[in-house]
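Enquirer: Sequence first, predicted model second:
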Amino acid sequence: MTGEHGPVPLLEVFEGRTFFNGLVSERSHLHSRDVTFATFCQGPNQESIAYFMGWRMPWYSARDSAGA
């Protein structure tokens, strides 16, 4: 990520405001405001899928991404 003053790690973009994503089960209020919610994990997709226990939200592995 690149901010006003140069490179910024993704976690710093949220300024410490992260929470358990299990609280976000209904996303229609976000979609109505043109906001997309996605979950990222550090592990590979096949190993991480067990942690998502059938939750219906988009999620992606950041394992092979720069800085992950």
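Expert: That came through fine. Numbering: from 1, shown residues only.

Enquirer: Now the spatially most central residue of the chain: phi and psi?
Expert: Nearest to the mean C-alpha position of the chain, counting by CA atoms, centre = their mean, stands residue 39 at 3.0 Å. Per-residue torsions, residue 39: phi -110, psi 140 (degrees, to the nearest 10).

Enquirer: Let me see the contact set for it.
Expert: By CB atoms under 8 Å, 6 or more residues apart in numbering, residue 39 lies in contact with 21, 52, 57-60. Every residue, glycine included, has its C-beta placed from N, CA and C.

Enquirer: out of those residues, who's nearest residue 5?
Expert: residue 60 (27.0 Å; CB to CB).

Enquirer: mind listing what that closest one touches?
Expert: Taking CB under 8 Å, 6+ apart as the test, what residue 60 contacts is 38-41, 45.

Enquirer: for it, which residues make a bridge with it?
Expert: residue 40 (DSSP bridges).

Enquirer: packing partners for the helix or strand of the chain with the lowest mean pLDDT?
Expert: Ranked by mean pLDDT, DSSP states H and E, the helix or strand of the chain with the weakest confidence is helix 45-48, at a mean of 76. Under the contact criterion of 3 or more CB pairs under 8 Å, 6 or more residues apart in numbering; DSSP states H and E, helix 45-48 touches strand 59-61.

Enquirer: List only buried entries from the contacts of residue 60.
Expert: residue 41 (16 or more other CB atoms under 10 Å).

Enquirer: Just the strands from this protein, written as ranges.
Expert: Using DSSP state E, the strands of the chain run over 2-3, 6-7, 39-41, 59-61.

Enquirer: picking up where we left off before, buried subset of the contacts of residue 39?
Expert: By 16+ other CB under 10 Å, the contacts of residue 39 give residue 59 as buried.
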